[in-house]
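# could you look at this predicted model? Sequence included:
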Amino acid sequence: MKNRERKTRYIEEFKEHVIALAGDSDKPIQVEAELGLSRGQISRWRRELQDAQLFSREDRDVEAENRRLRREVS
């Protein structure tokens, strides 16, 4: 059986702090190395954050209502 690397989960506040720390310069690679993150991780987190911000409050409300209705039907 192969050893599987355990993925580390980071909280959103940490991700936001790292993104702010890295800024928009060439720092992301240096910050990733210093924190032991994989290369490109900050860019992925930055994209995830932007995608999350595009998901409007109205969409979240509709999703919450759909989840509630699914629980009622089950």
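Great, that's in hand.
# where does this protein dip in pLDDT?
1-5, 24-25 (pLDDT under 70).
# now do the helices in it.
Ranges of helices within the chain are 12-22, 27-35, 41-54, 57-73, based on DSSP state H.
# quick one: closest of these to residue 6.
Within these, the stretch nearest residue 6 is helix 41-54; the backing value is 15.6 Å (C-beta to C-beta). (Each C-beta comes from the backbone N, C-alpha and C, glycine too.)
# the inter-axis angle of that closest one versus helix 27-35?
Calculated by axes from the mean of the first three to the mean of the last three C-alpha atoms, to 10 degrees, helix 41-54 forms an angle of 110 degrees with helix 27-35.
# pull out the buried residues from helix 41-54.
41, 42, 45, 46 (16 or more other C-beta atoms under 10 Å).
# could you do stretch 55-65 as well?
Buried residues in stretch 55-65 (16+ other C-beta under 10 Å): none.
# distance to residue 6 for the helices of the chain - can I get that in a markdown table?
A markdown table is the format used below for the helices of the chain (distance: least, C-beta to C-beta, whole Å):
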| stretch | distance to residue 6 |
| --- | --- |
| helix 12-22 | 17 |
| helix 27-35 | 17 |
| helix 41-54 | 16 |
| helix 57-73 | 30 |
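# before we move on, the earlier item: how about JSON lines for the buried residues of helix 41-54, with distance to residue 34 added?
Listed next are these as JSON lines, based on distance: C-beta to C-beta, whole Å:
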{"residue": "41", "distance to residue 34": "12"}
{"residue": "42", "distance to residue 34": "11"}
{"residue": "45", "distance to residue 34": "15"}
{"residue": "46", "distance to residue 34": "17"}
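# so which of the residues you listed comes closest to residue 74?
residue 45 (34.2 Å).
# the closest one contacts residue 21, correct?
No. Applying C-beta atoms under 8 Å as the test, residue 45 and residue 21 come out as separate, 11.5 Å apart.
# ok, back up a step: looking at the buried residues of helix 41-54, spot the one nearest residue 70.
Looking across the buried residues of helix 41-54 and measuring by C-beta to C-beta, the closest to residue 70 is residue 45, at 29.9 Å.
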